[in-house]
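Asker: Okay, predicted coordinates and the sequence, questions at the end:
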Amino acid sequence: MATSVNPLQAAGSVQLLKGQKALVTGANSGIGLATAVALGRAGADVVVNYVAGADEAEKVVAQIKEFGVRAYAHEADVSNEEQVVGMVARMVEEFGTIDVMVANAGLQRDAHVTEMSLAEWQKVIDVNLTGQFLCAREAAKEFMRRGVVEEVSRSAGKIICMSSVHQIIPWSGHVNYASSKGGVGMLMQTLAQELAPHRIRVNAIAPGAIRTPINRDAWSTPEAEADLIRLIPYRRVGDPEDIANAVVAVASDLLDYMVGTTLYVDGGMTLFPGFATGG
């Protein structure tokens, strides 16, 4: 299925984040890759975080640099406190500060609850939830130290938590993943409440079904895609760029008054389409 034209890419000259510094975790594939590129296109200097796949990360860096901004790749496991602290410290040293933290890195370790090991549960919680806490905490420290720089942005900084429609939709066979995303929702709201008085904006984006490597089996064949589309009122599977464009908008001053909100980018999946005909 052909993808639609990316409206922000088509605009070409639109640079909503000119001069800002952004860090995207898990940025060498899928949603993270598209987000890192979109932020660069919007004028931001970008740190491309990855935990594995250095070659892919360097390709993303090269693509971002084509927009005339700075970028580099940084290997770090977001569930490791020391590595997250070091990653943000390096960014402040190299770019001078950070304006946008996109806590995107995530993974799945799927199993029926009676067959799920503690290690499978803990790994998903560590990366998907604790990793977002660590990244948000370190970014908030720098935002509070620097404060608002009006010529750059109306806010002192933006934290964007990558959640999922499974923040509110239970998902049998994925109890660790759904629990982690439910936790991300409350993490984001609590951070937003605490940090808003410092002019720090914290929000979340909740993708629905997106064509990424993490869920390839769900859309890689016509039969699988047809089954998936039955869950999507808008009748198409999303592309990573759909999420990336949302990130750029939320990070920009266009949505400066948006605080503590989860933006669902899901083609209507959270409308529970099975109930359209009475359930």
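Answerer: That came through fine.
Asker: So which bits of stretch 252-264 are buried?
Answerer: By 16 or more other CB atoms under 10 Å, the buried positions in stretch 252-264 come out as 252, 255, 259-264. In this view, the C-beta of every residue, glycine as well, is placed from N, C-alpha and C.
Asker: Could you export that stretch as CSV, CA atoms only?
Answerer: The C-alpha trace of stretch 252-264 is given here as CSV (Å, rounded to 0.1, in the frame of the first residue of the first chain):
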residue,chain,number,x,y,z
SER,A,252,6.8,23.2,18.9
ASP,A,253,5.3,26.4,20.3
LEU,A,254,2.2,25.8,18.2
LEU,A,255,1.0,23.7,21.1
ASP,A,256,2.6,25.6,23.9
TYR,A,257,-0.6,25.4,26.0
MET,A,258,-0.8,21.6,25.8
VAL,A,259,0.3,20.2,29.1
GLY,A,260,-0.3,16.7,30.6
THR,A,261,-2.2,15.4,27.6
THR,A,262,-2.0,12.1,25.7
LEU,A,263,-2.5,12.6,22.0
TYR,A,264,-3.8,9.5,20.4
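Asker: ok, and what's touching that stretch?
Answerer: By CB atoms under 8 Å, 6 or more residues apart in numbering, the surrounding residues in contact with stretch 252-264 are 16-17, 42, 153-155, 163, 165, 167, 185, 188-189, 192-193, 196, 201-206, 208, 246, 249-250, 270.
Asker: what about the longest strand in the chain?
Answerer: Longest strand in the chain by number of residues (criterion: DSSP state E): strand 200-207.
Asker: got the buried residues for the very next helix or strand once past that one?
Answerer: Remark: after strand 200-207, the chain's next helix or strand is helix 222-229, criterion DSSP states H and E. Buried residues in helix 222-229, counted by 16+ other CB under 10 Å: 225, 228-229.
Asker: for stretch 69-78, what is the average pLDDT?
Answerer: Mean pLDDT, computed over stretch 69-78, is 98.
Asker: Straight-line length of it, end to end?
Answerer: Terminal residues of stretch 69-78 are spaced 25 Å apart (CA to CA, to the nearest Å).
Asker: Report the distance from that stretch to the chain centre.
Answerer: Distance, stretch centre to chain centre, for stretch 69-78: 15 Å (CA atoms, centre = their mean, to the nearest Å).
Asker: Over to stretch 132-143?
Answerer: 15 Å.
Asker: secondary structure element for residue 36?
Answerer: Counting by DSSP H and E, the element that carries residue 36 is helix 30-41.
Asker: Which helix in the protein has the most residues?
Answerer: helix 175-195 (DSSP state H).
Asker: now for it, which elements pack on it?
Answerer: Under the contact criterion of 3 or more CB pairs under 8 Å, 6 or more residues apart in numbering; DSSP states H and E, helix 175-195 touches helix 118-125, helix 131-146, strand 157-162, strand 200-207.
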